[in-house]
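Participant: no sequence on this one, just coordinates:
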């Protein structure tokens with residue numbers, strides 16, 4: 001059975017309120033009494049009840065991070081940056097991996113709401129514009145990362161995908177390549193669609209014609225990329 005503040009109070013024959021103030025570093029406790037309480041807490045292996053404290057303070061000092069694929073090299077770097085910065089501010093991070101499943105994403109959002117996290121950072125499964133209903137249920141601040149959900153009244157951190165697609169294509173053109181393909185996720189998926197726009201723009205600006213057979217859409221999984229590459233090679237290219 002876990003040790004409670006009341007157990008410490010009974011052991012020392014000190015009021016529950018005094019023990020609580022001492023353990024929470026609040027004023028009104030004699031220094032000698034405070035030290036005695038802290039020593040007893042260490043000896044009794046007392047651990048604060050973070051859930052109860054969070055209900056009182058309306059703050060749990062936790063952040064939920066929901067990402068679609070922990071094996072994708074991009075997302076571990078994002079997670080590392082978030083965890084490092086959160087740790088500097090005294091926050092812990094709950095990491096949730098959705099495996100590109102929309103239902104799992106929604107379940108994690110519901111779970112994090114139950115945990116009363118102070119905020120959620122979400123890399124959504126799909127860049128397609130969804131109903132706002134599920135995201136509006138999240139009372140804590142919600143920030144999108146990787147995929148920008150525009151027009152939802154939510155904050156987001158992302159990159160200029162159109163410019164990125166353009167720069168990548170221009171690099172290949174400068175290297176002298178003329179048969180330049182594009183692989184992306186679903187054609188109507190936001191990030192992939194924006195990158196495709198950049199790809200097509202760079203070809204047009206260079207006076208090159210886009211070839212439909214060099215454009216493939218699938219998803220962000222490694223095996224999908226492998227399949228699309230194999231299909232393109234099989235066409236003699």
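Facilitator: Everything's here; your move. Just so it is clear, the model here is predicted, and its values are computed rather than measured. Numbers count the residues shown, from 1 in each chain.

Participant: this structure: strands as residue ranges?
Facilitator: Using DSSP state E, the strands of the chain run over 62-67, 92-97, 119-122, 142-145, 155-157, 182-184, 215-217.

Participant: could you dump these to a markdown table with mean neighbour count and distance to residue 206?
Facilitator: No exception for glycine: its C-beta is placed from N, CA and C like everyone else's. As requested, the strands of the chain are arranged in a markdown table below (neighbours: other CB atoms under 10 Å; distance: least, CB to CB, whole Å):
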| stretch | mean neighbour count | distance to residue 206 |
| --- | --- | --- |
| strand 62-67 | 23 | 36 |
| strand 92-97 | 17 | 40 |
| strand 119-122 | 22 | 37 |
| strand 142-145 | 19 | 32 |
| strand 155-157 | 13 | 31 |
| strand 182-184 | 19 | 14 |
| strand 215-217 | 16 | 16 |
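
Participant: just send those strands back as TSV, with mean pLDDT and distance to residue 8 too.
Facilitator: TSV is the format used below for the strands of the chain (pLDDT from 0 to 100; distance: least, CB to CB, whole Å):
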stretch	mean pLDDT	distance to residue 8
strand 62-67	94	25
strand 92-97	94	25
strand 119-122	94	33
strand 142-145	91	39
strand 155-157	87	43
strand 182-184	89	59
strand 215-217	88	62
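
Participant: make a markdown table out of the ones you listed and add distance to residue 38.
Facilitator: Shown next, in a markdown table, are these (distance: least, CB to CB, whole Å):
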| stretch | distance to residue 38 |
| --- | --- |
| strand 62-67 | 25 |
| strand 92-97 | 23 |
| strand 119-122 | 31 |
| strand 142-145 | 38 |
| strand 155-157 | 41 |
| strand 182-184 | 58 |
| strand 215-217 | 61 |
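
Participant: closest one to residue 236 among those strands?
Facilitator: Ranking those by proximity to residue 236 (CB to CB) places strand 215-217 first, at 15.3 Å.

Participant: quick one: contacts of that closest one?
Facilitator: With CB atoms under 8 Å, 6 or more residues apart in numbering as the contact definition, strand 215-217 has outside contacts at 181, 182, 183, 184, 185, 186, 187, 192, 196, 228, 231, 232.

Participant: looking at these, which is nearest residue 45?
Facilitator: Nearest to residue 45 among these is residue 185, at 50.0 Å by CB to CB.

Participant: count the neighbours of the closest one for me.
Facilitator: Number of residues near residue 185 (other CB atoms under 10 Å) recorded here: 22.

Participant: need phi/psi at it.
Facilitator: Dihedral pair for residue 185: phi -80, psi -160, per degrees, to the nearest 10.

Participant: so what's it closest to, chain neighbours aside?
Facilitator: Leaving out its chain neighbours, the residue that sits closest to residue 185 by CB to CB, 6 or more residues apart in numbering is residue 192, at 4.1 Å.

Participant: pLDDT score for the one you found?
Facilitator: Residue 192 is assigned a predicted lDDT (pLDDT) of 86.

Participant: contacting residues for it?
Facilitator: Contacts for residue 192 (CB under 8 Å, 6+ apart) come out as 127, 184, 185, 186, 217.

Participant: in CSV: those residues, plus distance to residue 112.
Facilitator: Converted to CSV, those look like this (distance: CB to CB, whole Å):
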residue, distance to residue 112
127, 21
184, 30
185, 25
186, 26
217, 31
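
Participant: tell me the centre residue of this protein?
Facilitator: Among the residues of the chain, the one closest to the centroid is residue 65, at 3.4 Å (CA atoms, centre = their mean).

Participant: hmm, that one is touching residue 93, no?
Facilitator: Yes - at 5.3 Å, residue 65 counts as touching residue 93 under the criterion of CB atoms under 8 Å.
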